[in-house]
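Chemist: Quick one: sequence and predicted model below, then my questions.
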Amino acid sequence: MLDIKFVRQNADAVKANIERKFQHDKLGLVDDVIALDEQYRAALQQAETLRAARNKGSKEIGGLMAQKKIDEANAKKAEIAAMGAELDRLAALEKELAAKVRDIMLVLPQMMDDSVPTGRDDSENVELARYGEAKAPDFDVPYHVDIMESLCGVDLDSARKTSGNGFYYLMGDVARLHSALLSYARDFMIERGFTYCIPPYMIRSSVVTGVMSFAEMEGMMYKIEGEDLYLIGTSEHSMIGKFIDTLNAKDSLPQLLTGYSPCFRKEVGAHGIEERGVYRVHQFEKQEMVVVCEPEESMDWFEKMLGYTVELFESLEIPVRTLECCSGDLADLKVKSVDIEAWSPRQQKFFEVGSCSNLGDAQARRLGIRVRGHSEATEPDRRSNYYAHTLNNTVVTPPRALICLLENHVQADGSVHVPQVLRGYMGNAESLNPHRHATR
């Protein structure tokens, strides 16, 4: 969410940012919110003037009563009573106008970084770099479910009976490999200075609207009937919520968290749910990283976080590429975002396995995540309390990471090579063999 003062002072820049996101229907909202804010500030000023006059009049009543000027005192009382009624009206008007201003501010997009490429949709995202050799083996790579089934590692039919499409049972060595990915990702991030966190799996609506747009919420999240609680659709929402309404000391930043959680998504939209696959599902698990930092440090952390994910996939011997989201594909709360895509040798193309995002002060402003200012600061805006910056990035998300691991490490004989970094989590297994136990 933008600062209304910034919008007032930079209306043309805000409109240019909206145009670059191809959200032309929002252009009129800039003038609307400026006009509503002007009315709001006028109502505040009128109330302040009236309050001062009422206070002055109240003091005069005592003097008039002391001088036995009863009629004048009663007239003054009536005048003050009228002022009270007007103040009540102004208070209601202030509340109404403030709500209208906030409603518009919640849908105005965050100011993008200048480096974000201009484009209408994800077809115009820009490839930044490739890591590892993306190639197809000299045999046909099976569909990921076929690999899992050959290892007796997945049961979709039973899950369909218990829960419907979009759910699955993982079994045996495949389930163990799934857990190994998460455990390795956890330890990988702890070694890089992040604090391990298991957050709540449900959050209140005040947190939901602080971390994402209402449209995203409706399309993604499951609401608990009869309660102000939602099942989390992604773990960073709950982890960022940990800092709601906090005033953080400068020397306590950056806050580095890596969190594990299950995640639940409706997956409403054009993509749909696969009948046999586990790429797009209603339930999955995730290892995430979240950073809360000083504003001037957020771009450095963005590059570091992106590098961590690339490094992790390289250690898993999985080729990846980084793809920068163009302006039209960038979510409204984000300043900059880069997707991480892993190579699918079966499809001979890359698919998304994570996303690294800098949200600037958008979430912090909505959730009240501030940094304590210092009187000795050289910059005037740092002498008072100011908003932190927040970032998030996927470390690993099975089952997508599991799919690319299986596809990239399946052998011609149907066995699956276990990368060296995962073997300690797999009982030192070097490979998984169809319908047999892992070999050591």
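Modeler: Cool, the structure landed.
Chemist: ranges for the strands of the stretch 1-150 of the chain?
Modeler: With DSSP state E, counting those that start in this stretch as the criterion, the stretch 1-150 of the chain has strands at 126-131.
Chemist: cool, and the stretch 301-440 of the chain?
Modeler: Assigned by DSSP E, counting those that start in this stretch, the stretch 301-440 of the chain shows strands spanning 320-324, 336-344, 349-358, 369-371, 386-387, 389-396, 416-417, 431-432.
Chemist: Residue 21: which of the ones you listed is closest?
Modeler: Residue 21 sits nearest to strand 336-344 of all those, at 12.7 Å, using CB to CB. Where you see a C-beta, it was placed from the backbone N, CA and C, and this is true even at glycine.
Chemist: distance between the closest one and the chain's centre?
Modeler: When distances are taken as CA atoms, centre = their mean, to the nearest Å, strand 336-344 is centred 16 Å away from the chain's centroid.
Chemist: for it, what is the average pLDDT?
Modeler: Average pLDDT, strand 336-344: 97.
Chemist: before we move on, the earlier item: closest one to residue 32 among the strands of the stretch 301-440 of the chain?
Modeler: Closest of the strands of the stretch 301-440 of the chain to residue 32 is strand 386-387, at 24.1 Å (criterion: CB to CB).
Chemist: Parallel or antiparallel, list what pairs with the closest one.
Modeler: With DSSP bridges as the test, strand 386-387 is paired with strand 369-371 (antiparallel).
Chemist: For the partner strand, the averaged confidence score.
Modeler: For strand 369-371, the per-residue pLDDT averages 96.
Chemist: Give the helix, strand or coil label for residue 258.
Modeler: strand (DSSP: H, G, I helix; E, B strand; the rest coil).
Chemist: now it: how far from residue 186?
Modeler: From residue 258 across to residue 186, the span is 7 Å (CB to CB, to the nearest Å).
Chemist: So this protein: which segments form each domain?
Modeler: Domain ranges of the chain: 4-107, 122-432, per automatic domain parsing.
Chemist: Just want to know which of residue 258 and residue 186 has more residues nearby.
Modeler: residue 258 (25 against 18; other CB atoms under 10 Å).
Chemist: pLDDT score assigned to that one?
Modeler: For residue 258, the pLDDT comes out at 97.
Chemist: next one: residue 28
Modeler: Reported pLDDT for residue 28: 97.
Chemist: ditto for residue 399
Modeler: For residue 399, the model assigns a pLDDT of 88.
Chemist: Repeat that for the one 4 residues further on.
Modeler: The confidence metric pLDDT takes the value 95 at residue 403.
Chemist: Contacts only, for the residue nearest to it when sequence neighbours are not counted.
Modeler: Residue nearest to residue 403 in three dimensions, not counting chain neighbours: residue 144, with 4.4 Å by CB to CB, 6 or more residues apart in numbering. Counting by CB atoms under 8 Å, 6 or more residues apart in numbering, residue 144 touches 277, 278, 279, 346, 402, 403, 406, 407.
Chemist: List just the one of the domains of the chain that sits closest to residue 113.
Modeler: Taking CB to CB, domain 122-432 is the member of those nearest to residue 113, at 4.4 Å.
Chemist: Can you give me the end-to-end span of that closest one?
Modeler: Using CA to CA, to the nearest Å, one end of domain 122-432 lies 37 Å from the other.
Chemist: what about it, distance to the chain center?
Modeler: With CA atoms, centre = their mean, you get 11 Å for domain 122-432.
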